[in-house]
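S.K.: Need a 3D model of the sequence below.
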Amino acid sequence: MKYILIFLVLFSSDFLAQSNSFLWLISPEIQTDENYESQIKRLAAEKNIDAVFITGNLTKNGFLNEFKILDKMIKSANLPTFILPSENDLFSTSQFELNFYEYFDELQFGFSSSNLNFVGLQSAICNSSEIGMISPYFSNWFTDEFQSKSDSNYFFAFSNNEPFEILNFASFHNHLQNSFFPIIFLPKIPKEVSQEFYFVYPPNSESVLFLNFSENHLQVTNQQNVELFSFDFEKMNLVGKNESKIELKIVPKIAKVNWSQNIGSPISNSPISNSQNTFCVTDDGLLYSIENDGTIFWEFDLFADFAKSPILNDGILVLASIQGDLFTINSANGEQIQTLNTENTIITDLKTFDYKWELNTMSPKTSGSKAAVVFGTENSKYFCYDLETLEQIWEFQFEESAFSSPVLLDDKLIFQLGNSVKAISLKDGRLIWSWETANLLENEIFSNSKNAFVSDGINLFSIDLQLGKENWRIKIPNSAIYFSKNLGISVLETNGKLTFINENDGKFRSALKLQIDNRFNSIKFAANQNNLFLINGTKIHKISKNFKISTIAESSNSPFSGISFSENQSIILTDFVGNIYKITLLEK
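M.R.: Next up is the predicted model:
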């Protein structure tokens, strides 16, 4: 079982002297060399992390190579990192424990920061009765390590099991009863209710949490900065923002709600729609087809993790997992057609196109489809595959890394790569042209039918897509950029100023002022034929052709994560806690 718990132990009512922030990675179950290194580095930089705790099942199987990957990840993070192995890492045979000791020294940890003290309580379930036990060695170690600490300090402990799952937890706890006031953090709803503890559990089995300590206060948040729980040390009062199922109430302003559906798993990407159905994939790999009335038509478990939206072509859904697998699914019935392991992480959005040349495939094609899919991978390669057979058409290796998602134009694929914008042939992947400058931002590349638009944080460049030559450049601040046919280039500054620029000459058109919700890192643009839309945390803004802005929807809690468009002015919205909404604009 994948239970993680933390219990808070308070020795006095003294306040915390300073702020501390810790990253808590829950049961990563490392199996392959996934992108945990860059994830931890990114989160640590964004949240100003002081240390990292990794608890629960560290590896998938307890194999030696999995511990090697974990060791590499920890060293690369370059942060104080403390681990507490669980059942997968130590279970059943002595070999698994030997694998652990090949790279790590201790089954538990002790760590102090300011007047905060943390301890890893080792009680892994290692027998068929599924009962854990705190060893006498650990009890003695804990007493020696921490009982000498000043009574003004706060003590926290991590464990991998609920109290009722630990054979001798009662005696261990009774020994400390006079001093400890525990909170227990669980990744799922606890199986048993206790009058002795405050239970805290993140919704939807969140795997990454942040423990933010400030004066007299503990705040638990997820990656989207949604506050899950808050604890007041002085009042000994716990407030659970998500104590059970999160209820989100959308508040339409100039729209009506057609239907809403909660599928119970986080969605970090945008859905897609055709005339009959909406398709969305959860972060943990559940793919759904939802009918126009909000009824779930079918669902399929892909047993993988996803951050990118699916795409649809010729009735085939195509998805790329974080693990590097490419899936094709029959959109009519949810049946899996094929799976291809690309052996590397796919880092761009998927793009499809219909090729105009004849293609001989090894496997016979059962339809007249000429659809292909293209994408870029972490090892600086671009690939093109026939969509029906998943046979490779071409691949191209680049020296630079960090792709943007590609733009398709006629027979070209255009994308940003490092400090350059490149165009390659859709037919064979050969390089057509390359335009370079210094210090391009790692943003998406946007284009109309003639030009591409990129930024280095100081300048906005317009690049001719046929020739690969610079058309114009203008000075802009470090901003988010988007292009829509109706409003041209949109430039959103961090202070909320939204400026609109003419795509042909870079001249100023108009400007608006937004109140940016800085609690959430979820600013996204989208556009349909008539309007520009902006996800701003828990709000959806609509900007019309005449640069008028209005708020069309608002969530009571979780920020929105994605937006797509259906027929008849309908909009499909998703949020980070698994809600899907279909709304219709009341004004044209």
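
S.K.: pLDDT below threshold where in the stretch 401-550 of the chain?
M.R.: 401-403, 442, 518-522 (pLDDT under 70).

S.K.: What are the boundaries of the helices in the protein?
M.R.: Secondary structure of the chain by DSSP state H: the helices cover 36-47, 64-77, 87-90, 94-103, 136-146, 169-175.

S.K.: mean pLDDT lowest for which of the ones you listed?
M.R.: Here the lowest mean pLDDT among these goes to helix 169-175, at a mean of 63.

S.K.: Surely residue 288 touches residue 296?
M.R.: Yes - with contact defined as C-beta atoms under 8 Å, residue 288 reaches residue 296; the gap is 6.0 Å. Using the backbone N, CA and C atoms, a C-beta is placed for each residue, glycine as well.

S.K.: can you pull the contacts of residue 317?
M.R.: By C-beta atoms under 8 Å, 6 or more residues apart in numbering, the contact set of residue 317 is 279, 287, 310-311, 327-331.

S.K.: Which among the residues you listed count as buried?
M.R.: 279, 287, 310-311, 327-329, 331 (16 or more other C-beta atoms under 10 Å).

S.K.: if we can go back for a sec, can I get the contacts of residue 317 in TSV including distance to residue 494 and pLDDT?
M.R.: Shown next, in TSV, are the contacts of residue 317 (distance: C-beta to C-beta, whole Å; pLDDT from 0 to 100):
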residue	distance to residue 494	pLDDT
279	33	95
287	35	95
310	31	94
311	31	94
327	37	95
328	40	95
329	39	95
330	44	94
331	39	94
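
S.K.: Serialize those to JSON lines and add fields for distance to residue 54.
M.R.: Listed next are the contacts of residue 317 as JSON lines, based on distance: C-beta to C-beta, whole Å:
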{"residue": "279", "distance to residue 54": "34"}
{"residue": "287", "distance to residue 54": "29"}
{"residue": "310", "distance to residue 54": "31"}
{"residue": "311", "distance to residue 54": "34"}
{"residue": "327", "distance to residue 54": "29"}
{"residue": "328", "distance to residue 54": "35"}
{"residue": "329", "distance to residue 54": "33"}
{"residue": "330", "distance to residue 54": "39"}
{"residue": "331", "distance to residue 54": "38"}
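
S.K.: Filter those down to just the ones in strands.
M.R.: 279, 287, 311, 327-330 (DSSP state E).

S.K.: nearest to residue 336, of those residues?
M.R.: Within these, proximity to residue 336 (C-beta to C-beta) peaks at residue 329, which comes in at 5.7 Å.

S.K.: wait, the closest one sits on residue 316?
M.R.: Yes - using C-beta under 8 Å, residue 329 is in contact with residue 316, at 7.1 Å.

S.K.: Now the common contact residues for the two.
M.R.: What both residue 329 and residue 316 touch, as defined by C-beta under 8 Å, 6+ apart, is the set residue 337.

S.K.: and stretch 43-55, how far from the chain's centre?
M.R.: Put simply, stretch 43-55 sits 15 Å off its chain's centre (C-alpha atoms, centre = their mean, to the nearest Å).

S.K.: I meant to write stretch 417-427 there.
M.R.: Going by C-alpha atoms, centre = their mean, where stretch 417-427 is centred and where its chain is centred differ by 27 Å.

S.K.: Ok, stretch 20-38 next?
M.R.: With C-alpha atoms, centre = their mean, you get 12 Å for stretch 20-38.

S.K.: This protein - how does it break down into domains?
M.R.: As assigned by automatic domain parsing, the chain contains the domains 5-240, 249-269+443-588.

S.K.: These into JSON lines, with extra columns for distance to residue 362 and mean neighbour count?
M.R.: As requested, the domains of the chain are exported to JSON lines (distance: least, C-beta to C-beta, whole Å; neighbours: other C-beta atoms under 10 Å):
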{"stretch": "domain 5-240", "distance to residue 362": "28", "mean neighbour count": "18"}
{"stretch": "domain 249-269+443-588", "distance to residue 362": "32", "mean neighbour count": "18"}
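
S.K.: Output these in JSON lines, with distance to residue 378 appended to each entry.
M.R.: Shown next, in JSON lines, are the domains of the chain (distance: least, C-beta to C-beta, whole Å):
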{"stretch": "domain 5-240", "distance to residue 378": "7"}
{"stretch": "domain 249-269+443-588", "distance to residue 378": "17"}
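
S.K.: Which among the ones you listed is found nearest to residue 387?
M.R.: Of all those, domain 249-269+443-588 comes closest under C-beta to C-beta, at 19.9 Å.

S.K.: From what I see, residue 226 and residue 560 are in contact.
M.R.: No - Residue 226 is not in contact with residue 560 according to C-beta under 8 Å; the separation is 11.8 Å.

S.K.: any residues in contact with both of these two?
M.R.: By C-beta under 8 Å, 6+ apart, no residue touches both residue 226 and residue 560.

S.K.: Could I get the contacting residues of residue 563?
M.R.: For residue 563, the contacting residues are 270, 524, 526, 533, 535, 540, 571-574, by C-beta under 8 Å, 6+ apart.

S.K.: hey, what's the nearest residue to it once chain neighbours are set aside bridged with?
M.R.: Nearest residue to residue 563 in three dimensions, chain neighbours excluded: residue 526, at 4.6 Å (C-beta to C-beta, 6 or more residues apart in numbering). With DSSP bridges applied, residue 526 shows beta-bridge pairing to residue 533.

S.K.: quick one: contacts for residue 526?
M.R.: Taking C-beta under 8 Å, 6+ apart, one finds 270, 532-535, 563-565 in contact with residue 526.

S.K.: Next: residue 300.
M.R.: Neighbours of residue 300 in contact, by C-beta under 8 Å, 6+ apart: 286-287, 329, 334-336.

S.K.: State the pair within these that is farthest apart.
M.R.: Maximum distance among the contacts of residue 300 (C-beta to C-beta): 15.4 Å, for 286 and 335.

S.K.: More neighbours: the two, which one.
M.R.: residue 286 (19 against 10; other C-beta atoms under 10 Å).

S.K.: Make sure that one is actually in contact with residue 302.
M.R.: Yes - in this structure, residue 286 is within contact of residue 302 by C-beta under 8 Å, at 7.5 Å.

S.K.: one step back: who touches both of residue 288 and residue 296?
M.R.: By C-beta under 8 Å, 6+ apart, the residues touching both residue 288 and residue 296 are residue 263.

S.K.: So for these two, which sits in the more crowded spot?
M.R.: residue 288 (22 against 12).

S.K.: With only the CA atoms kept, save stretch 482-496 in PDB.
M.R.: The C-alpha trace of stretch 482-496 is given here as PDB (Å, rounded to 0.1, in the frame of the first residue of the first chain):
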ATOM      1  CA  TYR A 482       0.100  34.800 -28.000                       C
ATOM      2  CA  PHE A 483      -1.200  35.200 -31.500                       C
ATOM      3  CA  SER A 484      -4.900  35.100 -32.600                       C
ATOM      4  CA  LYS A 485      -6.300  35.900 -36.000                       C
ATOM      5  CA  ASN A 486      -8.800  38.400 -34.600                       C
ATOM      6  CA  LEU A 487      -6.600  40.400 -32.300                       C
ATOM      7  CA  GLY A 488      -3.100  39.900 -33.700                       C
ATOM      8  CA  ILE A 489      -0.200  39.600 -31.200                       C
ATOM      9  CA  SER A 490      -1.000  39.700 -27.500                       C
ATOM     10  CA  VAL A 491       1.700  40.600 -25.000                       C
ATOM     11  CA  LEU A 492       0.900  40.100 -21.300                       C
ATOM     12  CA  GLU A 493       3.300  41.600 -18.800                       C
ATOM     13  CA  THR A 494       3.700  40.300 -15.200                       C
ATOM     14  CA  ASN A 495       2.000  43.500 -13.900                       C
ATOM     15  CA  GLY A 496      -1.200  42.600 -15.800                       C
END
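
S.K.: got the residue ranges for the strands in the stretch 201-350 of the chain?
M.R.: Applying DSSP state E, counting those that start in this stretch to the stretch 201-350 of the chain gives strands spanning 208-214, 217-221, 227-232, 237-240, 255-262, 272-273, 277-281, 286-291, 296-301, 311-313, 316-320, 325-330, 336-341.
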